[in-house]
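**Q** Okay, sequence plus prediction incoming.
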Amino acid sequence: MPCKLLNLCEYETHKLVRIQSVRLGSLKWTFNGVILMFICIMMLWNKEYQEHDYVVSSVTAKVKGVALTSLPDVGDIVWDVVDYSGPSQGKNSFFVVTNVIVTKKQRQGKCPEVPPYGKVCRTDEDCVKGFWDQHSHGVQTGACVKFDVTRKTCEVSAWCPIETKKKPPKPALLASAENFTVLIKNNIRFPNFNFMRRNILPEMTESYLKRCQFNRRTEPSCPIFRLGDIVKEAKENFSEMAVEGGVIGIQIKWDCNLDGFLRNCLPKYSFRRLDEKESNRTLYPGLNFRYYITENGVEERTLFKAFGIRFDVMVFGKAGKFSIIQLIIFIGSTLSYYTLVSVIQPFLFNLFQMQN
Amino acid sequence: MPCKLLNLCEYETHKLVRIQSVRLGSLKWTFNGVILMFICIMMLWNKEYQEHDYVVSSVTAKVKGVALTSLPDVGDIVWDVVDYSGPSQGKNSFFVVTNVIVTKKQRQGKCPEVPPYGKVCRTDEDCVKGFWDQHSHGVQTGACVKFDVTRKTCEVSAWCPIETKKKPPKPALLASAENFTVLIKNNIRFPNFNFMRRNILPEMTESYLKRCQFNRRTEPSCPIFRLGDIVKEAKENFSEMAVEGGVIGIQIKWDCNLDGFLRNCLPKYSFRRLDEKESNRTLYPGLNFRYYITENGVEERTLFKAFGIRFDVMVFGKAGKFSIIQLIIFIGSTLSYYTLVSVIQPFLFNLFQMQN
Amino acid sequence: MPCKLLNLCEYETHKLVRIQSVRLGSLKWTFNGVILMFICIMMLWNKEYQEHDYVVSSVTAKVKGVALTSLPDVGDIVWDVVDYSGPSQGKNSFFVVTNVIVTKKQRQGKCPEVPPYGKVCRTDEDCVKGFWDQHSHGVQTGACVKFDVTRKTCEVSAWCPIETKKKPPKPALLASAENFTVLIKNNIRFPNFNFMRRNILPEMTESYLKRCQFNRRTEPSCPIFRLGDIVKEAKENFSEMAVEGGVIGIQIKWDCNLDGFLRNCLPKYSFRRLDEKESNRTLYPGLNFRYYITENGVEERTLFKAFGIRFDVMVFGKAGKFSIIQLIIFIGSTLSYYTLVSVIQPFLFNLFQMQN
């Protein structure tokens, strides 16, 4: 009989010792019950029976508002969105200029470097032709020329006159940017579940969207934000931050449950300063960049050092949906705890018997 | 003997009851076999024996094409890539202007606000000096001035004349952007596996790249895309979308298997509209931004409201490679199912015996 | 007695066969010990007892340096950061122009296409009105006009004169950009652990930051990088790369352990070229983009084809922290290995007995 030779026809089972005992029986069932409960709670709590997918997102932001400033040497100027935000093309990040240093009518030429960037010199021998370092505004010509009544500095080939002011005006010129508003449109998608949503909810009417403004308590889902409110929510002071600029993160969190009647998928907004307030001046505190407007083609430019707040919209998101495979995997992984029980029980039983 | 005292020298094993039965034996082996097969299939299907790594990617995009438009008040204009795409620096995202509203020769000054943004007034008392809201083009001066023959509106400090047109021209001025093409270069890397690839495959010759154009069926791996085809693949109508603009996602998916002869790592392209077609005018449908060209330095500008399509290139990717550690972990996690079997089998056995 | 009927009061335990044997006992304990050790090592090595969180990061970059170049047809020009980097707004990515082709005073008009883009023609019949392809600089008018002494090409409506040069100057005009430096500020956050850090360490004094420069060996944590060093670390040659441009990735890796005295959270920098050196000219090797400066408003422009290096700052990061739940889950998953042991042991035992 091949069956016998191969030992395939044998069935082995353990011989059991059955002990009749109310105490031991209830102990065993309590034990098993507690573990089962623990596993079920863990499963429901962490939604282990769900498979997950991560968000794919698209953001467009539109800033609105105008400000009237009086720039020194330039006069009263109205700033509209093109002026203070640039051609941002509505991406994940937008910038609002809050302060500015203007250097008018620069031309390529030669002029004395501005201290403390250029060292003070006495004769041409103190200057090295072709030299520049990280703080120079131009390349040294080798000459030592008069900077003001008392000082001489090395001459440089540069855009002249050189930008002189270092510290931005205080209070900030566009401190009123606090009252600008921004509409953030965020479309999300969970590709595996083929589920789409956006932060403008279907129940929002046109008239609601015309007047609403985000407020954590009263209007937590309005997609229109006042810049001052955003900064306040990030626990910063707008008029202080406006002076040197900075980076604010606007976080949109989508924590979605796509299961039947528990369905729930709403965005949550939070705000946070992303850069650090800097006391150290060598580290270029705040956020600024320079741009220019040409006056006569490539030959002449007006340089703007623009300080401002960059708002980075960051979208996080996870969706969960019931999955039979996930459930099977989870149950499989918990079975091992029953192994633990079958190891511990005999010990408990012995312990129990000894006590009696 | 310390060995005895410490009980370390004992070996415990279960006493087995061996039952000779063809039926029970085959039942047992079928049972185990089915589970083993299930585990193996699951393993091979989900490639549980692999460790994974996520993609690090770099994208450059280069748009090509020219268009001839006749702008009202400006005349015939040729648009080349600098005009319609801006200095995009070849990043993950590129923009193509498809429609435009031009406001010529704006200067800082005072002019009547345009209804419906500014309310119609009768006397200066209807206007509030310094007032502006989210829809204003400037800050009110407090005067009520003539807007046209019949109406008076509040005067504002603004860039004058104010942009008046609201709706973009239809059909779109640069509807022919449909025929522009874009070359997308995508280099990817899986850092943990030190594996690199790019979407321009080694077998593509120079002459192939000169003439090829992406087509889902006939040329699914050509890296040159016609904009019209991209929009069509995203199930949108280019000439419709060109009017107000929008956002299209170009998804490149790298699903790589780096194991020996199963090696397979090719990009798959898919396209999708990322924003939502908006019927609601308060929500600024489509995508547009404003930019200007200065005419006489900072004093005069020509304002462009550019509508267009932004193409976001999104790269997703995952690579799997055989890993002995992953295999051990997976086998470990499946062992628990055998525990389940050893729990169920005695019941089955009893059931079986009873039936006989 | 309901207890009996429901069979709830029974407690089952296996009858054990206890074998007194030094050999078998020590075998068993060695076996269990080895597995326990293996599990513990695996746990400590992979820090399986930790829960993890991924980094949220904010980057600002500030390039410094000036360069003196002599552009053909333009003369000596000083390039400062606005000229070579553009209004970058300090985002994750910055661009440094290293080479440039200038086409002066372009105007909208009609001029002969430049070969090889436009085909050489003999009569007007060789040209098709309205025709353009991917390599055209404009839309054909239908006329065949003189290009130079020997050749005639189709006339196009375009920005005239057409950019003629194709290959960038060699050596690169701004090869001295090698000596520019960049300060990278990177603030990170692990939101779940509410832990923040930045790459400017608390022990760095102002004077240190004024003079330090990143060097893998001597100053591996200085946040100021010389562009030449970055490119060298990426195993590329700056002066070669400067000619056609390219993309360099600056990777900042935060691998943090937030547990008590093992606390360790420092950034590690690495550099890598992200695009591919291209020999194939149809694929537009390197990185370049065009921009223009208007000369007389919208009518006239000076076109710059700027070649340069884009530096993409990429931040990766993971933090681990002890978590009791993770520990329980890990122990659970290892228990199944003990099941394996209890299956294998009897076999080993039999094997052992047979040998004796």
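**A** Now that the structure is in, tell me what you want to look at. Numbering: from 1, shown residues only, chains lettered A, B, ... in the order given.
**Q** What about the nearest residue to residue A:303 once chain neighbours are set aside, how many residues nearby?
**A** Leaving aside its chain neighbours, residue A:303 sits nearest to residue A:103 (4.3 Å; criterion: CB to CB, 6 or more residues apart in numbering or on different chains). Using the backbone N, CA and C atoms, a C-beta is placed for each residue, glycine as well. Using other CB atoms under 10 Å in any protein chain shown, residue A:103 has 20 other residues around it.
**Q** Same question for residue A:59.
**A** For residue A:59, using other CB under 10 Å, the count is 24.
**Q** when you scan the host helix or strand of it, is anything in it near chain B?
**A** Using DSSP states H and E, residue A:59 falls within strand A:56-64. Yes - applying CB under 8 Å from any CB of the partner chain, one finds strand A:56-64 in contact with chain B at A:56, A:58, A:60, A:62, A:64.
**Q** follow-up on the earlier one: next, work out how far apart the residue nearest to residue A:303 and residue A:68 are.
**A** 22 Å (CB to CB, to the nearest Å).
**Q** swap in residue A:203?
**A** 38 Å.
**Q** Quick one: residues contacting residue A:189.
**A** A:55, A:56, A:57, A:195, A:196, A:197, B:272, B:274 (CB atoms under 8 Å, 6 or more residues apart in numbering or on different chains).
**Q** after the host helix or strand of residue A:209 comes which helix or strand?
**A** Assigned by DSSP H and E, residue A:209 belongs to helix A:206-211. Downstream of helix A:206-211, the first helix or strand assigned by DSSP H and E is strand A:224-226.
**Q** neighbouring contacts of that next one?
**A** By CB under 8 Å, 6+ apart, the list of residues contacting strand A:224-226 reads A:178-184, A:209, A:212-214, A:250, A:269.
**Q** One more: stretch A:131-143?
**A** Contacts of stretch A:131-143 (CB under 8 Å, 6+ apart): A:110, A:113-114, A:117-118, A:124, A:127-130, A:154-159, A:162-163, C:64-68, C:78, C:80, C:181.
**Q** tell me which residues of that stretch are tucked away?
**A** Residues of stretch A:131-143 classed as buried by neighbour count (16 or more other CB atoms under 10 Å in any protein chain shown): A:132, A:134, A:136, A:137, A:138, A:139, A:140, A:141, A:143.
**Q** Any idea which of these the model trusts least?
**A** Checked by pLDDT, those have residue A:134 as the lowest-scoring entry (78).
**Q** Which strands or helices does the strand of greatest length in chain A pack on?
**A** Longest strand in chain A, counting residues (DSSP state E): strand A:300-322. The contact analysis (3 or more CB pairs under 8 Å, 6 or more residues apart in numbering or on different chains; DSSP states H and E) places strand A:300-322 against strand A:50-54, strand A:56-64, strand A:93-112, strand A:181-190, helix A:227-233, helix A:238-244, strand A:246-257, strand A:288-294.
**Q** need the ones you listed in JSON lines with mean pLDDT and distance to residue B:219, can you?
**A** Shown next, in JSON lines, are those (pLDDT from 0 to 100; distance: least, CB to CB, whole Å):
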{"stretch": "strand A:50-54", "mean pLDDT": "83", "distance to residue B:219": "31"}
{"stretch": "strand A:56-64", "mean pLDDT": "85", "distance to residue B:219": "26"}
{"stretch": "strand A:93-112", "mean pLDDT": "86", "distance to residue B:219": "35"}
{"stretch": "strand A:181-190", "mean pLDDT": "89", "distance to residue B:219": "27"}
{"stretch": "helix A:227-233", "mean pLDDT": "94", "distance to residue B:219": "47"}
{"stretch": "helix A:238-244", "mean pLDDT": "90", "distance to residue B:219": "52"}
{"stretch": "strand A:246-257", "mean pLDDT": "90", "distance to residue B:219": "37"}
{"stretch": "strand A:288-294", "mean pLDDT": "79", "distance to residue B:219": "42"}
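**Q** can I get the ones you listed in JSON lines with distance to residue A:84?
**A** Shown next, in JSON lines, are the helices and strands packed on strand A:300-322 (distance: least, CB to CB, whole Å):
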{"stretch": "strand A:50-54", "distance to residue A:84": "34"}
{"stretch": "strand A:56-64", "distance to residue A:84": "8"}
{"stretch": "strand A:93-112", "distance to residue A:84": "4"}
{"stretch": "strand A:181-190", "distance to residue A:84": "12"}
{"stretch": "helix A:227-233", "distance to residue A:84": "11"}
{"stretch": "helix A:238-244", "distance to residue A:84": "11"}
{"stretch": "strand A:246-257", "distance to residue A:84": "15"}
{"stretch": "strand A:288-294", "distance to residue A:84": "12"}
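**Q** Output the below-cut-off pLDDT ranges for chain A.
**A** A:1-21, A:24, A:72-74, A:86-91, A:117-118, A:278-283, A:296-298, A:332-356 (pLDDT under 70).
**Q** tell me the domain ranges of it?
**A** In the domain annotation for chain A, the residue ranges read A:19-49+A:323-354, A:53-113+A:162-320 (the TED database).
**Q** With respect to burial, which of those scores highest?
**A** Among these, ranked by average contacts under mean count of other CB atoms under 10 Å in any protein chain shown, first place goes to domain A:53-113+A:162-320 (a mean of 18).
**Q** Tell me which two of the buried residues of stretch A:131-143 sit farthest apart.
**A** Distances among the buried residues of stretch A:131-143 were taken as CB to CB; the most separated pair is A:134 and A:143, at 21.8 Å.
**Q** What is the burial count for the closest residue to residue A:120 other than its chain neighbours?
**A** Residue nearest to residue A:120 in three dimensions, not counting chain neighbours: residue A:151, with 5.3 Å by CB to CB, 6+ apart. Around residue A:151 there are 12 other residues, counting by other CB under 10 Å.
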